[in-house]
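Trainee: Quick one: sequence plus predicted model below, questions after.
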Amino acid sequence: MSSTVFVETQGCQMNVYDADRMADVLVAEAGFRRVDAPEEADVLLLNTCSVREKAQEKVFSHLGRWRRHKERRPGTLIGVGGCVASQEGGGIVRRAPFVDLVFGPQTLHRLPEMVARARGGGGPQIDVSFPEIEKFDRLPEPRAEGFTAFVSIMEGCSKYCSFCVVPYTRGDEISRPFEDVVAEVAALAEQGVREVDLLGQNVNAYRGPMDDGTEADLGLLIHYLAAIDGIDRIRFTTSHPAEFNQGLVDAYREVPELASYLHLPVQSGSDLILRLMKRGYAVAEYEALIAEVRAARPGIALATDLIVGFPGETADEFEETVAMTERVVFDGGAFSFVYSSRPGTPAADLTDDTPPEVKRARLHRLQALLQAQQLEAARRLVGSVQAVLVEGPSRRNPAELTGRTPCNRTVNFPGESWMAGRFADVRVTGARAHSLRGEVVAVERPPRPVAVAD
């Protein structure tokens, strides 16, 4: 009887990708079977995120619940991966001695060996090193589980923004070789994948080594991926304004397969705060870049991240953020947060004397503006016909279908199961706060042949 593994993940899309790879490597190398409930698992893995406030406390609270599973089922192994594991290392085992495995984002491929040593009486296994690109060389061949897929093209970040822990938990930027990424996407296309989402903490800093000794940037990679038979839509997450080069602007102008959506975090509309954040650009430079992208791809939806209440932010600096938001218009969505200090980051040493209630009031005001912008953008889509990749049944109503527009809006509509995996022209009939309603106008025929695994 095979061993079983349950993986629970927190945080960003990179963590979702990593969680799947944790299961994949145990299935491929150690004969595990992935299960959907912790009660059924021999190995429990928690993939953690340290971006949010009190992340460590939430991890230990979760581990306390899992400890009861282990008490009821002796021999169960508990593992902690991800960014909190990378930050805390052996401190996790000292505080929670029942934890058997601690591994970082760059060492998840070593899980089979770590599990074997722990089961063999080797005690807690801790590996939070940074072996660079080794992780990708060791992972199993990509396996499609639908018509869309995440593809990690780089790891880490070298920007060292003053508020961010990512460079300390995931290491500096390392790009996967260009040919490896192309081969992975081609393999996914053979399995029926129609849309890929390229992932990286700072994805547009991608500089993949090529076989001829040169480097490929993200724009060039997108051009090549778009030429793969079957790949009809490309997205990427998350980009940095300081790395947004002309090649990527040209990709928006020249590659129709590149979705009309851009998530480009600005973080603040104040030049003073951007300098304190060590972001490496000014507000005017960000706005000029957005104007250039919108000229290259008219109608593109723009999303962003915004931090309110960063140390040093006065009422005047906050008003600059509001004014910038009104000028730019983030019609594609926004992640906005009150600043929370991350231990070990430079910003943690800055004086922060703004009362929490003032920060919350600022956030509520900014979010109201952002929500109004997004709702207005959604309403403008009513009556338009959007090319939607039908992903399958809607989560809210399994009797309906769901997919995403090129501008990354979820749209739900009546349809039949045979439509899944095909592109449909969907007329938008209604706009809601977080999704659209639609009706099918036409569906792609005939279906693409899908390779069936032996």
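Mentor: Thanks, I have the structure now. Note that the structure is a prediction, hence the values are computed from the model and not measured. Numbering: from 1, shown residues only.
Trainee: who's in contact with stretch 199-212?
Mentor: Stretch 199-212 has contacts (CB atoms under 8 Å, 6 or more residues apart in numbering) with 13-14, 17, 150-159, 166, 170, 173, 175-179, 181, 198, 215-218, 221, 236-240, 243-245, 248. C-betas here are computed from N, CA, C, even on glycine.
Trainee: Using CSV, write down the CA coordinates of the helix or strand harbouring Glu317.
Mentor: Per DSSP states H and E, Glu317 falls inside helix 315-328. Presented in CSV, the C-alpha positions along helix 315-328 are these (Å, rounded to 0.1, in the frame of the first residue of the first chain):
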residue,chain,number,x,y,z
ALA,A,315,-1.5,62.6,5.3
ASP,A,316,0.2,64.5,2.4
GLU,A,317,1.9,61.3,1.1
PHE,A,318,-1.3,59.4,1.3
GLU,A,319,-3.1,62.1,-0.7
GLU,A,320,-0.4,61.6,-3.4
THR,A,321,-1.3,58.0,-3.6
VAL,A,322,-4.9,58.8,-3.9
ALA,A,323,-4.2,61.3,-6.7
MET,A,324,-1.9,58.8,-8.5
THR,A,325,-4.7,56.2,-8.3
GLU,A,326,-7.2,58.6,-9.8
ARG,A,327,-4.8,59.5,-12.6
VAL,A,328,-3.7,56.0,-13.5
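Trainee: give the contact list for the residue nearest to the spatial centre of the chain.
Mentor: In the chain, the residue lying closest to the centroid (CA atoms, centre = their mean) is Gln13, at 2.4 Å. Going by CB under 8 Å, 6+ apart, Gln13 touches 150, 197, 199, 237.
Trainee: how about the helices in this structure?
Mentor: 13-30, 55-72, 82-88, 91-95, 111-119, 134-138, 166-170, 178-190, 218-226, 246-254, 271-277, 283-296, 315-328, 356-381 (DSSP state H).
Trainee: Go through the longest one and flag the buried ones.
Mentor: What it means is helix 356-381. 359, 362-363, 366, 369-370, 373-374, 377-378, 381 (16 or more other CB atoms under 10 Å).
Trainee: and that helix, what other elements does it pack with?
Mentor: Here helix 356-381 touches strand 301-308, helix 315-328, strand 333-338, strand 423-431, going by 3 or more CB pairs under 8 Å, 6 or more residues apart in numbering; DSSP states H and E.
Trainee: hang on, isn't Ala85 packed against Phe103?
Mentor: Yes: between Ala85 and Phe103 a contact is recorded at 6.1 Å, counting by CB atoms under 8 Å.
Trainee: Of these two, which one has the most company?
Mentor: Ala85 (29 against 25; other CB atoms under 10 Å).
Trainee: Can you name the residues that contact the more buried one?
Mentor: 48, 92, 102-104, 128.
Trainee: Counting neighbours, what do you get for the closest residue to Glu141 other than its chain neighbours?
Mentor: Excluding the flanking residues, the one nearest Glu141 by CB to CB, 6 or more residues apart in numbering is Ala187, at 6.4 Å. Look at Ala187: counted by other CB under 10 Å, it has 16 neighbours.
Trainee: What of Pro142?
Mentor: 20.
Trainee: quick one on the thing from earlier: what about burial for the contacts of stretch 199-212, which qualify?
Mentor: 14, 17, 150-157, 159, 166, 170, 173, 175-178, 181, 198, 216-218, 221, 236-240, 243-244, 248.
Trainee: Please enumerate the shared neighbours of Ala85 and Phe103.
Mentor: Val128.
Trainee: Would you mind putting the helices and strands packed on helix 356-381 into CSV with distance to Ile228 and mean neighbour count alongside?
Mentor: Converted to CSV, these look like this (distance: least, CB to CB, whole Å; neighbours: other CB atoms under 10 Å):
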stretch, distance to Ile228, mean neighbour count
strand 301-308, 25, 22
helix 315-328, 34, 16
strand 333-338, 28, 18
strand 423-431, 16, 19
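Trainee: which of the ones you listed has the lowest average pLDDT?
Mentor: When these are ranked by mean pLDDT, strand 333-338 comes last with a mean of 94.
Trainee: got the contact list for that strand?
Mentor: Residues from elsewhere that reach strand 333-338 (CB under 8 Å, 6+ apart): 263, 301, 303-309, 356, 359-360, 363, 366-367, 370, 374, 408.
Trainee: change it to 7 Å
Mentor: The list of residues contacting strand 333-338 from outside it, by CB atoms under 7 Å, 6 or more residues apart in numbering, reads 303-309, 359-360, 363, 366-367, 370, 374.
Trainee: Next: stretch 169-186.
Mentor: Contacts for stretch 169-186 (CB under 7 Å, 6+ apart): 50, 83, 86-87, 105-106, 130, 132-133, 136, 142, 151, 153-158, 196, 201-202, 205-211, 216, 221, 224-225, 228, 231.
Trainee: Just the buried subset of those, please.
Mentor: Of these, these count as buried by 16+ other CB under 10 Å: 50, 83, 86-87, 105-106, 130, 133, 136, 142, 151, 153-157, 196, 201-202, 205-209, 216, 221, 224-225, 228, 231.
Trainee: which residue sits farthest out from the middle of this structure?
Mentor: Gly121 (36.3 Å).
Trainee: where does that one land on pLDDT?
Mentor: Taking Gly121 on its own, its pLDDT is 90.
Trainee: Cys49 now?
Mentor: 84.
Trainee: What's the separation between the closest residue to it other than its chain neighbours and Val165?
Mentor: Excluding the flanking residues, the one nearest Cys49 by CB to CB, 6+ apart is Gly11, at 2.6 Å. Gly11 sits at a distance of 12 Å from Val165 (criterion: CB to CB, to the nearest Å).
Trainee: Those two: who's more crowded?
Mentor: Neighbours per residue (other CB under 10 Å) separate Gly11 from Val165, with Val165 holding more: 22 against 19.
Trainee: residues in contact with the more buried one?
Mentor: Applying CB under 7 Å, 6+ apart, the residues near Val165 are 50, 83, 87, 342, 344-345.
Trainee: same check, this time on Asp232
Mentor: 194-195, 257, 423.
Trainee: Give the buried residues for stretch 16-26.
Mentor: Neighbour count says stretch 16-26 has 17-26 buried, by 16+ other CB under 10 Å.
Trainee: Can you tell me which of those residues lies closest to Gly332?
Mentor: Proximity of the buried residues of stretch 16-26 to Gly332 (CB to CB) peaks at Tyr17, which lies at 21.6 Å.
Trainee: How about the closest one: what's its closest non-neighbour residue?
Mentor: Phe150 (4.4 Å).
Trainee: Just the CA atoms of stretch 112-130, as CSV, please.
Mentor: Written as CSV, here are the backbone C-alpha positions of stretch 112-130 (Å, rounded to 0.1, in the frame of the first residue of the first chain):
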residue,chain,number,x,y,z
PRO,A,112,11.9,12.0,-0.9
GLU,A,113,15.3,11.8,0.8
MET,A,114,14.3,13.8,3.8
VAL,A,115,11.2,11.7,4.3
ALA,A,116,13.3,8.5,4.0
ARG,A,117,15.8,9.7,6.6
ALA,A,118,13.1,10.8,9.0
ARG,A,119,11.3,7.4,8.7
GLY,A,120,14.7,5.7,9.2
GLY,A,121,15.2,7.2,12.6
GLY,A,122,17.4,10.1,11.5
GLY,A,123,15.4,12.7,13.6
PRO,A,124,14.1,16.0,12.3
GLN,A,125,15.3,16.9,8.8
ILE,A,126,16.1,20.5,8.1
ASP,A,127,17.2,21.9,4.8
VAL,A,128,16.6,25.6,4.0
SER,A,129,19.6,26.1,1.7
PHE,A,130,19.7,27.8,-1.7
